[in-house]
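1. Sequence plus predicted model, see below.
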Amino acid sequence: MSHVCDSNILIYYLNSFLDTTAREVVDAAIEGGAVISVITRIETLGWQGHDTPSFQEAEDLIQLFEIEPLTNSIVNETIRIRQQHNLKLPDAIIAATAIHLDLPLMTRNVSDFAKITSLRCVNPFES
């Protein structure tokens, strides 16, 4: 496993918003066994704007990742994060997943997670 990917990374990937360098970083993470939280799966596939082809493309992308389910350990870490930081629940779950797996979180929204000192973040746009 290489990274936990935030939902925004998958959305940028699907919408071709990654520049060449960022795309290479994400591709390398996928090849290295990147993980997504079950929340990222829900956020990516649950978007109401999907048509049949875009939904299939999103499903195909998600199949390239290991999907980490909610476990008691992740739930407890999410609770700790929510108690200590003003973070939206989906972001807290994604951060807790990365902490639980001891993997860096790949996200463009590094500033959203900056106060969580136990979390390492990677921005593929700055690689």
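-> Happy to help now that I have it. Residues are numbered from 1 along each chain as shown.
2. what's the burial count for residue 22?
-> Other residues within reach of residue 22 by the criterion other Cβ atoms under 10 Å amount to 20. The way it works is simple: take the backbone N, C-alpha and C, and place the C-beta from them, glycine included.
3. Backbone dihedrals for it, please?
-> For residue 22, the backbone dihedrals (degrees, to the nearest 10) come out as phi -60, psi -40.
4. And the residue lying closest to it once chain neighbours are set aside, how far from residue 25?
-> Taking Cβ to Cβ, 6 or more residues apart in numbering, and ignoring the residues beside it in sequence, residue 22 has residue 124 as its nearest neighbour in space, at 4.1 Å. Here residue 124 is placed at a distance of 4 Å from residue 25 (Cβ to Cβ, to the nearest Å).
5. Show me which of those two is the more surrounded one.
-> Looking at residue 124 and residue 25 with other Cβ under 10 Å, you find the greater number of neighbours at residue 124, namely 24 against 21.
6. so that one makes contact with residue 108?
-> Yes - Residue 124 is within contact range of residue 108, at 7.5 Å (criterion: Cβ atoms under 8 Å).
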